[in-house]
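# Task: produce atomic coordinates for the following.
(2 chains)
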Protein chains: 2
Amino acid sequence: MKTNFSKRAEGLKASEIRELLKLTEMPEIISFAGGLPAPELFPVKEMKQIMQDVLDKDGIAAMQYSTTEGFKPLRNIIAKQRMVNSGVNVTGEDIIITSGSQEGIEFSAKIFVNEGDTIICESPSYMGAINAFKAYRPKFTEIEMDDNGMIMEKLEDVLKKDKKVKMIYTIPDFQNPTGITMSDDRRKRLAELAKEYEVPVIEDNPYGELIFEGTTHPSIKSFDKDGWVIYLGTYSKTFCPGFRIGWICAEPDILQKYVIIKQGVDLQCSSLDQRATALFMETYDLNEHIAEIKKVYGKRRTLMLQSMDQYFPKEIKHTNPYGGLFAWVKLKDGLNSKEILEEALKEKVAYVPGGSFFPNGGRDNHFRLNYSCMPEEKIVEGIKRLGKVLYKYY
Amino acid sequence: MKTNFSKRAEGLKASEIRELLKLTEMPEIISFAGGLPAPELFPVKEMKQIMQDVLDKDGIAAMQYSTTEGFKPLRNIIAKQRMVNSGVNVTGEDIIITSGSQEGIEFSAKIFVNEGDTIICESPSYMGAINAFKAYRPKFTEIEMDDNGMIMEKLEDVLKKDKKVKMIYTIPDFQNPTGITMSDDRRKRLAELAKEYEVPVIEDNPYGELIFEGTTHPSIKSFDKDGWVIYLGTYSKTFCPGFRIGWICAEPDILQKYVIIKQGVDLQCSSLDQRATALFMETYDLNEHIAEIKKVYGKRRTLMLQSMDQYFPKEIKHTNPYGGLFAWVKLKDGLNSKEILEEALKEKVAYVPGGSFFPNGGRDNHFRLNYSCMPEEKIVEGIKRLGKVLYKYY
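Below you'll find the predicted structure:
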């Protein structure tokens, strides 16, 4: 049998990270691939009680169909507890629940992008977004970053010339894969440019609250007075990813499109998991839990950066994230991190090669390291092993 | 601000049923709209224990990311316990977990249909599928049904003439909205036609196990030797819809496309809900639970059909479902069930107008009745009220 797939499905390939995760799952490998939160921090004991309470109080509703928009008390909690931390004052009416922020990412392309239209993103950008967008057969224009994130002058150059730009996708806080954070003045400028050029900004913010030094940056959305910024949030990195609870915060007419799209795709998120998440957030202080996560990740981050400085060849550059889950390493031109990974796996250490984070390809001399889900001694040992491999090329 | 949506998003409207559900939620209304399973049958008590056990045994894994394909023990259980009831012998490898069968429906159009291609469906068909498909801007060709389902000669006529048919969507068992069931010989014929014309069949089967008389029909997939049939299943109607656990059973190369699409859309279904569902299915006999559901729904069905015969004008025709959740009513030509609904709501009774179940429009002289989630006395009272309204038009 020869199946005829649609044009969009023909071109799709499996995500490199998720295929890699399978390879790197062998217990003897020290894996800096993947982007998993530290599982030892999950509030399992608390959830046992929460599940009992939800099923006691609202068991039938937790097992029945519910609205596409999501469980209203949870939407209210997100507005009050989380959006306010990003400098955005909204109510539950301005929020819908999605299956992680991933669904918000995918739906955004579906809602805004026709075949051949341009999507602007950071160079590099989140592989899972790039792969989701590819199904809509867009053109990608990558905008260079410096230590303060996407360079606004370069962005405006593109917006001036390319009238087919339909969406700007950005991860301003501790970006995946680089760990780079956009400065506050650039956030303000991006909100202005969105309005001026009438292009929606998709602000994907899974890591913003995991800031190790200082307080959470104001979101791009907080500078947006006219509704051009669509904010995607998630509990995956601050609570747990297994329940698949994320959200979209946007203007009513835009939010309505997302609701219709979600209706068609999966009707709604899990009624039980939404209620359990809401009750957890009413019962416990997530800010306290986030403070614990930050303490653990911050130490791991410090140790990883220090270990790289100690064990990597001096010419190798890395970013210096002050939050989130990832650091980004740049090798000298001509080196291929995919090939080097094969050597690294022989030494029982793994990372994600950087090539797939560039939607237009090239630049294989980078890789991404995750420090959130590896105990401290393994971070040192893993970076030491990796250094040993890298020295062969320097 | 004037947002530019994509062509696909511009045309999308909210699902009539889900909007209606909001209107008909007032407690004084006897609503035969919606398609909810009877909530009093949900095994809430059992789930309380199951959730404790899952969180005790595998709490961390239940809160962490997992694979896109789904929890392997659950996939195995579905193969062994459910697919076998439909006459299909497969293993967990041939199954992936989706967010209800809705996700399988939406992904199918994404995988097989380019803009302008033809989707074949029954006339009428499931409104949630029609709305999901519309985002891919296809042409719909509706195939007439009789008491034995889609008429195969009419289907073949279309397949012969239209070379742009990319997908046949069918609900062979107790179809939504009509309650009609496809005969076994037509199932066999449909599998043959799929192979002959090289067109995939999407067999959507949420209701097949809810058969009140006799045993579950062999699925179309059970007649398929070459992989042209893609089977969509769900626990939403036999266990509970709130956990959003459905599945796709298909050939490996096709299944792989669904996995990549799911990766882009939502990464995976809830880790917790998948594990809880698996443990429930290992602990309890779902067939026994289904037997209970069938007893309750069967009585409600009988009562609704009898009440219609008693209280409706004699010229009005209805289907005689022997399973599932729905019956379908045909009024005389020229009547508009949307207009009549306004009168019905004044009498505090509701149904879903039939027009939206026809993708190409027209035929407003039909409506759908749900009998699964209304106690017996309310079924009689509701049909009596509806009869009173209908008599004004006869």
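# Pass me the low-pLDDT residue ranges in the stretch 1-150 of chain A, would you?
Applying pLDDT under 70 to the stretch 1-150 of chain A flags residues A:1, A:14-22, A:24-25.
# ok, which stretches of it are strands?
All strands of the stretch 1-150 of chain A, identified by DSSP state E, counting those that start in this stretch, fall at A:30-31, A:95-98, A:118-123, A:139-146, A:149-150.
# Out of those, which is closest to chain B?
strand A:95-98 (8.0 Å; Cβ to the nearest Cβ). (Glycine included, C-beta is placed from N, CA and C.)
# on contacts alone, who are the packing partners of that closest one?
Other helices and strands packing on strand A:95-98, by 3 or more Cβ pairs under 8 Å, 6 or more residues apart in numbering or on different chains; DSSP states H and E, are helix A:72-77, strand A:246-249, helix A:252-266.
# The longest helix seen in chain A close to chain B?
The longest helix of chain A (DSSP state H) is helix A:286-311. No - Helix A:286-311 stays clear of chain B (Cβ under 8 Å from any Cβ of the partner chain), getting no nearer than 12.6 Å.
# Just give me how far the next helix or strand after that helix sits from the chain centre.
The helix or strand immediately downstream of helix A:286-311 is strand A:317-318, counting by DSSP states H and E. Centroid separation for strand A:317-318 versus its chain: 21 Å, with Cα atoms, centre = their mean, to the nearest Å.
# Could you do stretch A:54-64 as well?
On the basis of Cα atoms, centre = their mean, stretch A:54-64 sits 31 Å off its chain's mean C-alpha point.
# again, but for stretch A:47-65
On the basis of Cα atoms, centre = their mean, stretch A:47-65 sits 29 Å off its chain's mean C-alpha point.
# Equivalent analysis for stretch A:128-140, please.
15 Å.
# Then stretch A:238-247?
12 Å.
# and what of stretch A:122-131?
The answer for stretch A:122-131 is 9 Å, by Cα atoms, centre = their mean.
# for stretch A:182-190, same thing?
Centroid separation for stretch A:182-190 versus its chain: 19 Å, with Cα atoms, centre = their mean.
# for it, which positions count as buried?
Buried residues in stretch A:182-190, counting neighbours by 16 or more other Cβ atoms under 10 Å in any protein chain shown, are found at A:Met182, A:Asp184, A:Arg186, A:Arg187, A:Lys188, A:Arg189, A:Leu190.
# And the most centrally placed residue in chain A, how close does it get to chain B?
Per Cα atoms, centre = their mean, the C-alpha nearest to the average position across chain A is that of A:Pro206, at 5.0 Å. Noted for A:Pro206: a distance of 12 Å to chain B, by Cβ to the nearest Cβ, to the nearest Å.
# again with A:Lys110
7 Å.
# tally of neighbours for that residue?
Counted by other Cβ atoms under 10 Å in any protein chain shown, the residues lying close to A:Lys110 total 24.
# residues contacting the residue lying closest to it once chain neighbours are set aside?
Once flanking residues are discounted, A:Lys110 sits nearest to A:Ile261: 5.7 Å by Cβ to Cβ, 6 or more residues apart in numbering or on different chains. Listed by Cβ atoms under 8 Å, 6 or more residues apart in numbering or on different chains, the contact set of A:Ile261 reads A:Phe107, A:Lys110, A:Ile111, B:Ala9, B:Leu12, B:Ala135.
# Skip the chain neighbours and tell me the closest residue to the fourth one.
So that's B:Ala9. A:Ile111 (4.4 Å).
# could I get the helix or strand hosting A:Gly382 in PDB with only the CA atoms?
Counting by DSSP H and E, the element that carries A:Gly382 is helix A:376-391. The C-alpha trace of helix A:376-391 is given here as PDB (Å, rounded to 0.1, in the frame of the first residue of the first chain):
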ATOM      1  CA  GLU A 376      25.100  18.000  41.200                       C
ATOM      2  CA  GLU A 377      27.800  15.300  41.200                       C
ATOM      3  CA  LYS A 378      26.600  14.100  37.800                       C
ATOM      4  CA  ILE A 379      26.700  17.600  36.400                       C
ATOM      5  CA  VAL A 380      30.400  17.800  37.300                       C
ATOM      6  CA  GLU A 381      31.100  14.300  36.100                       C
ATOM      7  CA  GLY A 382      29.100  14.800  32.800                       C
ATOM      8  CA  ILE A 383      30.800  18.100  31.900                       C
ATOM      9  CA  LYS A 384      34.200  16.500  32.700                       C
ATOM     10  CA  ARG A 385      33.400  13.700  30.300                       C
ATOM     11  CA  LEU A 386      32.200  16.100  27.700                       C
ATOM     12  CA  GLY A 387      35.300  18.200  28.100                       C
ATOM     13  CA  LYS A 388      37.400  15.200  27.400                       C
ATOM     14  CA  VAL A 389      35.500  14.600  24.100                       C
ATOM     15  CA  LEU A 390      35.700  18.300  23.100                       C
ATOM     16  CA  TYR A 391      39.500  18.500  23.700                       C
END
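# Now stretch A:306-318: buried residues?
Buried, per 16+ other Cβ under 10 Å, within stretch A:306-318: A:Ser307, A:Met308, A:Tyr311, A:Phe312, A:Ile316, A:His318.
# Isn't the third one up against A:Leu386?
Yes - with contacts defined as Cβ atoms under 8 Å, A:Tyr311 counts as touching A:Leu386 at a distance of 7.4 Å.
# what's near enough to touch the closest residue to A:Tyr197 other than its chain neighbours?
In this structure, A:Tyr197 finds its nearest non-sequential neighbour in A:Leu159, 4.4 Å apart by Cβ to Cβ, 6+ apart. The neighbours of A:Leu159, taking Cβ under 8 Å, 6+ apart as the test, are A:Ile120, A:Val165, A:Leu193, A:Glu196, A:Tyr197, A:Val199.
# Which two of these have the greatest separation?
Pairwise distances across those (Cβ to Cβ) peak at 14.2 Å, for the pair A:Ile120 and A:Glu196.
# So which of the two has more stuff around it?
A:Ile120 (26 against 11).
# Tell me who's in contact with the more buried one.
A:Phe140, A:Thr141, A:Glu142, A:Ile143, A:Leu155, A:Val158, A:Leu159, A:Val165, A:Met167, A:Ile168, A:Tyr169, A:Val199.
# again, 6 Å this time
Neighbouring residues of A:Ile120 by Cβ atoms under 6 Å, 6 or more residues apart in numbering or on different chains: A:Thr141, A:Val165, A:Ile168.
# near chain B, which residues of the stretch 101-250 of chain A show up?
By Cβ under 6 Å from any Cβ of the partner chain, the part of the stretch 101-250 of chain A that sits against chain B consists of A:102-103, A:106, A:111-114, A:131-132, A:226-227, A:240-244.
# now the helices for chain A?
Using DSSP H, helices in chain A cover A:7-10, A:16-23, A:44-63, A:72-77, A:100-112, A:127-134, A:152-161, A:184-197, A:252-266, A:271-283, A:286-311, A:337-346, A:376-391.
# Next one: the fourth one, is it in contact with chain B?
No - on the criterion Cβ under 6 Å from any Cβ, helix A:72-77 is out of touch with chain B, staying 12.4 Å away.
# got it, and the third one?
Yes - contact check for helix A:44-63 against chain B, using Cβ under 6 Å from any Cβ: residues in range are A:Val44, A:Met47, A:Lys48, A:Met51, A:Leu55, A:Gly59, A:Ile60, A:Ala62, A:Met63.
# How is chain A partitioned into domains?
Per the record, chain A has its domains at A:11-42+A:288-391, A:61-283, by automatic domain parsing.
# Which one, of those domains, ends up nearest to B:Asp94?
From the domains of chain A, taking Cβ to Cβ, the stretch that ends up closest is domain A:11-42+A:288-391, at 17.8 Å.
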